[in-house]
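Trainee: how would this look folded up:
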Amino acid sequence: MAECFYHPDESRRLRRLRELKPEMFRGFVDFERAVFRGGELPLKTKELIAIAVAHITQCPYCIDVHVKRAKKAGASDGEIAEAIFVAMTLRAGGSFAHAAIALRAAEEADRKSESIG
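Mentor: So this is what the prediction gives:
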């Protein structure tokens, strides 16, 4: 993984979770394997979804792992880029949707200041 705010070696510290809670760790690993095993969605599609979600959750380790897995499953750079743009749209959509909350709060503040003044 390219060095950035997260050092690639930090993920090795996650092994401590396995030491602290081995049964929970095993359950997580087993669940992840089950999700990415064969199913109705092809593995490449699942990995492209994982890339998009990893960008939304902003997990650098997930981005690194799932891009490599997607490439191994046959995804092109264009497909990976498109998955990222899907994520960008949804992430921006969250801000767009929450704008309604901000506008309502502004209207409430205006009404309150009008009633005071």
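Trainee: low-confidence stretches in this structure?
Mentor: 1-5, 117 (pLDDT under 70).
Trainee: kindly recompute the last result at 90.
Mentor: The model of the chain has pLDDT under 90 over residues 1-17, 38, 60-61, 94, 112-117.
Trainee: buried residues in the host helix or strand of residue 95?
Mentor: Residue 95 is part of helix 77-116, with elements assigned from DSSP states H and E. By neighbour count with 16 or more other CB atoms under 10 Å, helix 77-116 contains the buried residues 79-80, 83-84, 86-87. Bear in mind the C-beta positions are built from the backbone N, C-alpha and C, glycine included.
Trainee: and if you look at stretch 56-64?
Mentor: 60, 63-64.
Trainee: residue 104: what's it in contact with?
Mentor: Residues near residue 104 by CB atoms under 8 Å, 6 or more residues apart in numbering: none.
Trainee: if I look at it, how far off is residue 115?
Mentor: Distance of residue 104 to residue 115, computed by CB to CB, to the nearest Å: 17 Å.
Trainee: cool, and residue 88?
Mentor: On the measure of CB to CB, residue 88 and residue 115 end up 41 Å apart.
Trainee: residue 54: neighbour count?
Mentor: Look at residue 54: counted by other CB atoms under 10 Å, it has 21 neighbours.
Trainee: list the contacts of it.
Mentor: Applying CB under 8 Å, 6+ apart, the residues contacting residue 54 are 62-63, 66.
Trainee: from these, which is closest to residue 96?
Mentor: Lowest distance from residue 96 to the contacts of residue 54 (CB to CB) belongs to residue 63, with 23.4 Å.
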